[in-house]
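Colleague: okay, here's the prediction I keep looking at, along with the sequence it came from:
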Amino acid sequence: MLSRKIYYALKPAIPWPVRIALRRMVARHIRKQAGAVWPINEATRHPPPDWTGWPDNYKFSFVLTHDVEGPEGVAKCRQLAELEMSVGFRSSFNFVPAGSYTVPKELRTWLVQHGFEVGVHDLHHDGKLFSSEHGFSEKAKQINTFLGDWGAHGYRSGFMLRNLDWLHQLNIEYDASTFDTDPFEPQPDGAGTIFPFWIPVPPGKQSKDGHRSASGGGYVELPYTLPQDSTLFLVLQEKNPSIWIEKTKWVARNGGMALVNVHPDYINFGNDSGNPKEYSSEIYAEFLTTIKREFSGRYWHPLPRELATWFKLNRKPAGGGSKPPFQISRKPTTIDQSDQPSRLSGKRAAVLLYSRYPSDPRPRRAAEAMIEADMQVDLLCLAGSETDAPQETVGQVHVSRIPLTHRRDSKLIYLWQYGRFFWSSFWFLTSRSLRHRYDVIHVHNMPDFLVFAALLPRLRGARIILDLHDPMPELMESIYGLKPQDWKVAVLKFLERKSIAFSHLVLTPNITFKTLFVSRRCPPEKIQIVMNSPQQEIFHPSRYGTTKKVMHPASEFHVMHHGSIVHRHGVDLLVEAVARLRPKIPGIKLDIYGNSTPFLSAVLALAESLGIADIVTYHGAKTQTEIAEAILACDVGVVPNRRSAFIELNFPTRLFEYLAMNRPVVAPSTQGIRDYFDSDQILLFSPNDVDDLAAKILWVKEHPAETEKIVRAGAEIYGKNLWNDQKRRFVSLVSTLCGRPQNLSD
């Protein structure tokens with residue numbers, strides 16, 4: 001204890017290079033001596049006596065925490081959070097309340113709103129907190145003030161110094177100041193377990209002022225079980241996450257808790273500064289993507305507060321006996337701390353989808369979100385080929401398929417297909433509703449009138465969600481060249497209005513669509529926006545081993561288009577633009593991805609007639625992962641949509657896919673896009689203007705620095721509309737809908 005006091009008294013006067021050199025020298029010696037107990041100590045694998053197993057039959061838990069030590073760390077918190085969100089994870093950020101920096105309220109609010117947790121890290125972070133019990137008691141009052149002001153439930157001491165009995169003076173649900181085994185820490189005695197455990201209030205002190213009565217006479221201790229990043233990458237100078245990965249595998253085999261402490265202060269997010277106090281963010285990204293890939297479906301990923309609450313309510317009392325099982329939600333905690341999980345757990349939903357499942361992204365992600373919220377989901381969709389099973393369970397979604405191919409032919413074919421699917425949907429919902437009551441019916445348009453297939457479930461109390469992916473009148477105008485005054489368009493608007501009236505909640509993917517539906521008498525409070533954002537686990541550069549461009553030969557400049565190859569998407573206009581650019585960009589190449597359509601033949605024939613067939617490559621339909629890899633390899637993505645009533649309103653998800661992969665994108669200047677982007681955040685061209693389209697592509701080639709700035713600005717817009725945030729919004733809307741009184745007059 002005396003040596004520690006001397007060290008922390010002298011520490012501010014010792015230059016960092018000297019301190020780290022001494023630590024590395026000592027650490028090399030410790031590592032040689034501690035091989036039997038670090039990074040794995042076999043003695044820590046035994047669960048405590050009150051252990052009941054993880055919820056929902058998960059094999060182990062995976063918990064992410066961060067200690068923010070200085071202003072450099074504060075500046076990187078959002079980047080670190082966004083990296084984790086891109087892989088589908090959430091974490092807790094522990095801030096020093098009275099240290100060397102101010103904790104911005106805006107940052108704490110942003111973190112909580114995005115599903116993260118905020119905790120308290122020490123008080124001053126000077127190594128002096130536990131110098132005396134009286135001194136600790138005085139400081140505990142200050143810590144409790146910050147815990148209350150921040151709405152925080154957890155605590156971790158600086159430098160992992162601790163006195164677990166004294167910590168009962170804090171108003172906490174959990175502490176995270178211990179570890180299973182870590183001989184490199186100044187207080188190296190470990191907790192000796194890879195499981196959470198209970199720290200009861202010492203006898204005779206149960207009523208001491210300052211104890212949180214809600215803790216039930218104690219708090220939960222969450223030891224970190226994976227080595228700290230500072231130890232691995234700064235002190236031991238490891239170059240990859242292999243120790244983290246191997247330790248996680250061992251924890252998983254033994255059913256424990258894989259909890260890691262990462263400091264944003266020490267992470268380099270690609271500025272190539274060569275700072276010896278930092279390690280590459282790609283190491284952490286590789287670790288997260290490896291866990292996501294290799295352990296999918298096996299781990300529970302709670303926030304520390306969620307884990308502590310579950311453990312406290314589900315542990316066996318010390319005197320024996322048992323408590324009833326405590327069911328949790330898999331949905332990450334948000335700023336809304338209502339009883340949403342209890343509203344949705346066990347509820348039934350049916351989904352109608354005139355498309356294929358699971359290949360249609362928006363319906364798939366909505367269904368998966370309901371599954372994650374502990375709902376039961378039945379889904380009816382099309383069977384697009386003979387290989388699609390009539391009945392199948394896809395990721396806990398019970399899928400039924402109708403042998404009907406989605407064909408884009410004449411208006412009569414459309415009408416016949418819609419009619420057949422409507423009656424199939426009606427009998428599907430009616431027959432099942434006679435056996436059990438549905439709580440939610442989620443109908444994806446088109447067609448809009450598909451909602452009326454849910455008549456019996458609605459009469460039995462189901463809440464109806466109409467998901468208007470597209471405005472059907474405008475889309476049919478664009479496909480068939482109809483005039484706004486055409487009687488067919490009037491009929492479609494009438495059906496749209498009645499379908500909205502029949503529904504309890506209307507969802508749509510962008511601002512312009514919502515404005516349009518409100519203008520056609522949809523009540524504003526009834527319609528909500530849930531955007532179509534890319535799947536973050538796929539569209540993130542770190543998944544593919546680098547955040548830098550996968551290079552083609554330096555002489556080549558690759559232009560990319562992906563999506564439906566149809567006339568309204570203007571792929572032929574892009575071919576014309578590339579032909580005009582060939583003399584100015586000799587190495588230009590055009591890569592086209594998408595399902596083969598009749599219009600593709602016209603596109604390739606045009607390339608042949610313009611003499612550029614040798615630089616236009618059709619790659620066929622690809623998986624989402626293959627598309628992400630292709631985007632990473634291109635120089636610019638292009639959305640060359642023609643102007644039409646529908647295109648003017650639409651927001652193509654492809655924009656976000658390019659920006660998610662840090663690639664420039666050229667898009668038409670339409671209202672649906674301008675609602676989200678200014679001209680300094682994305683490259684806009686005048687729709688139908690081939691010369692302007694070519695000029696914008698050429699500008700990308702000739703202005704790389706300015707283009708990179710625009711990409712960064714556009715990526716910030718994407719970062720505000722991530723799918724994980726949209727998913728939580730969707731689940732919250734469903735939960736609120738289920739919590740409303742069942743009133744058929746709505």
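Modeller: Looks like it arrived, so ask away.
Colleague: buried residues, stretch 93-113. List them.
Modeller: Applying a neighbour-count criterion of 16 or more other CB atoms under 10 Å, the buried positions in stretch 93-113 are 93-99, 101, 103, 107-108, 111-112. The way it works is simple: take the backbone N, C-alpha and C, and place the C-beta from them, glycine included.
Colleague: just the C-alphas of it, formatted as CSV.
Modeller: What follows is stretch 93-113, C-alpha atoms only, in CSV (Å, rounded to 0.1, in the frame of the first residue of the first chain):
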residue,chain,number,x,y,z
PHE,A,93,-19.0,4.2,-21.1
ASN,A,94,-17.6,5.1,-17.7
PHE,A,95,-16.6,8.7,-17.2
VAL,A,96,-14.4,10.3,-14.5
PRO,A,97,-16.8,12.9,-13.0
ALA,A,98,-14.2,15.2,-11.4
GLY,A,99,-11.0,14.5,-13.3
SER,A,100,-9.0,16.2,-16.1
TYR,A,101,-12.0,16.7,-18.4
THR,A,102,-15.6,17.8,-18.4
VAL,A,103,-18.2,15.2,-19.4
PRO,A,104,-20.5,16.9,-22.0
LYS,A,105,-24.2,16.3,-21.2
GLU,A,106,-24.8,16.1,-25.0
LEU,A,107,-22.5,13.1,-25.2
ARG,A,108,-24.1,11.3,-22.3
THR,A,109,-27.5,11.9,-23.8
TRP,A,110,-26.5,10.8,-27.3
LEU,A,111,-25.0,7.6,-25.9
VAL,A,112,-28.1,6.7,-23.9
GLN,A,113,-30.4,7.6,-26.8
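Colleague: how far away from the center of its chain is that stretch?
Modeller: 22 Å (CA atoms, centre = their mean, to the nearest Å).
Colleague: same check, this time on stretch 264-279
Modeller: Computed by CA atoms, centre = their mean, the chain-centroid distance of stretch 264-279 equals 24 Å.
Colleague: span of it from start to end?
Modeller: One end of stretch 264-279 sits 10 Å from the other (CA to CA, to the nearest Å).
Colleague: averaged pLDDT, that stretch. What do you get?
Modeller: On average, the pLDDT along stretch 264-279 is 83.
Colleague: one more: stretch 560-580?
Modeller: Taken as a whole, stretch 560-580 has a mean pLDDT of 95.
Colleague: ok, residue 152 touching residue 120?
Modeller: Yes - Residue 152 is in contact with residue 120 according to CB atoms under 8 Å; the separation is 5.3 Å.
Colleague: now do the shared contacts for the two.
Modeller: Taking CB atoms under 8 Å, 6 or more residues apart in numbering as the criterion, residue 152 and residue 120 both touch residue 146.
Colleague: report all helices and strands that the strand or helix carrying residue 701 contacts.
Modeller: Assigned by DSSP states H and E, residue 701 belongs to helix 690-702. If you count contacts as 3 or more CB pairs under 8 Å, 6 or more residues apart in numbering; DSSP states H and E, helix 690-702 packs onto helix 571-581, strand 636-638, strand 665-668, strand 683-685.
Colleague: where in this structure is pLDDT low?
Modeller: By pLDDT under 70, the weakly predicted segments of the chain are 1-14, 16, 50, 203-216, 271-274, 316-342, 405-411, 542-551, 740-746.
Colleague: got the buried residues for the helix or strand hosting residue 134?
Modeller: Element membership of residue 134, judged by DSSP H and E, is helix 133-150. Within helix 133-150, the residues that count as buried by 16+ other CB under 10 Å are 136, 139, 140, 143, 144, 146, 147, 150.
Colleague: for the helix or strand following it, packing partners?
Modeller: Downstream of helix 133-150, the first helix or strand assigned by DSSP H and E is strand 154-156. Helices and strands touching strand 154-156, by 3+ CB pairs under 8 Å, 6+ apart, are strand 92-95, strand 117-121, strand 174-175, helix 304-314.
Colleague: circling back to that earlier point, nearest to residue 604, of the buried residues of stretch 93-113?
Modeller: If you rank these by distance to residue 604 using CB to CB, residue 111 comes first, at 49.8 Å.
Colleague: give me the element the closest one is part of.
Modeller: Residue 111 belongs to helix 105-113, assigned by DSSP H and E.
Colleague: who touches that helix?
Modeller: For helix 105-113, contacts defined as CB under 8 Å, 6+ apart pick out 74, 77, 78, 81, 93, 95, 117, 118, 150, 151, 334, 335.
Colleague: hey, what's the fifth one bridged with?
Modeller: Residue 93 has these beta-bridge partners by DSSP bridges: residue 66, residue 118.
Colleague: the stretch 251-400 of the chain: helices as residue ranges?
Modeller: Assigned by DSSP state H, counting those that start in this stretch, the helices in the stretch 251-400 of the chain fall at 281-294, 304-314, 340-344, 361-372.
Colleague: mean neighbour count and distance to residue 716 for these - can I get that in TSV?
Modeller: Listed next are the helices of the stretch 251-400 of the chain as TSV, based on neighbours: other CB atoms under 10 Å; distance: least, CB to CB, whole Å:
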stretch	mean neighbour count	distance to residue 716
helix 281-294	19	18
helix 304-314	21	29
helix 340-344	19	29
helix 361-372	21	23
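Colleague: quick one, which of those is nearest to residue 491?
Modeller: Closest to residue 491 of those, according to CB to CB: helix 361-372, at 25.6 Å.
Colleague: got the CA coordinates for the closest one in PDB?
Modeller: Presented in PDB, the C-alpha positions along helix 361-372 are these (Å, rounded to 0.1, in the frame of the first residue of the first chain):
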ATOM      1  CA  PRO A 361     -34.400  -6.600 -46.500                       C
ATOM      2  CA  ARG A 362     -37.000  -4.300 -44.900                       C
ATOM      3  CA  PRO A 363     -39.500  -7.000 -44.000                       C
ATOM      4  CA  ARG A 364     -36.700  -9.400 -42.900                       C
ATOM      5  CA  ARG A 365     -35.300  -6.900 -40.500                       C
ATOM      6  CA  ALA A 366     -38.700  -5.900 -39.100                       C
ATOM      7  CA  ALA A 367     -39.500  -9.600 -38.500                       C
ATOM      8  CA  GLU A 368     -36.200 -10.200 -36.900                       C
ATOM      9  CA  ALA A 369     -36.700  -7.100 -34.600                       C
ATOM     10  CA  MET A 370     -40.000  -8.600 -33.400                       C
ATOM     11  CA  ILE A 371     -38.300 -11.900 -32.800                       C
ATOM     12  CA  GLU A 372     -35.600 -10.100 -30.800                       C
END
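Colleague: elements contacting it?
Modeller: Against helix 361-372 (3+ CB pairs under 8 Å, 6+ apart) you get strand 348-356, strand 376-382, strand 397-402, strand 440-444, strand 463-467, helix 723-739.
Colleague: got a markdown table for those, with distance to residue 676 and mean neighbour count too?
Modeller: Listed next are the helices and strands packed on helix 361-372 as a markdown table, based on distance: least, CB to CB, whole Å; neighbours: other CB atoms under 10 Å:
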| stretch | distance to residue 676 | mean neighbour count |
| --- | --- | --- |
| strand 348-356 | 25 | 23 |
| strand 376-382 | 30 | 22 |
| strand 397-402 | 30 | 19 |
| strand 440-444 | 22 | 25 |
| strand 463-467 | 20 | 25 |
| helix 723-739 | 14 | 20 |
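Colleague: pull the contacting residues for residue 129.
Modeller: The contact partners of residue 129, taken as CB under 8 Å, 6+ apart, are 122, 123, 135, 136, 139, 157, 158, 161.
Colleague: what's the neighbour count on the last one?
Modeller: Counted with other CB atoms under 10 Å, residues neighbouring residue 161 total 19.
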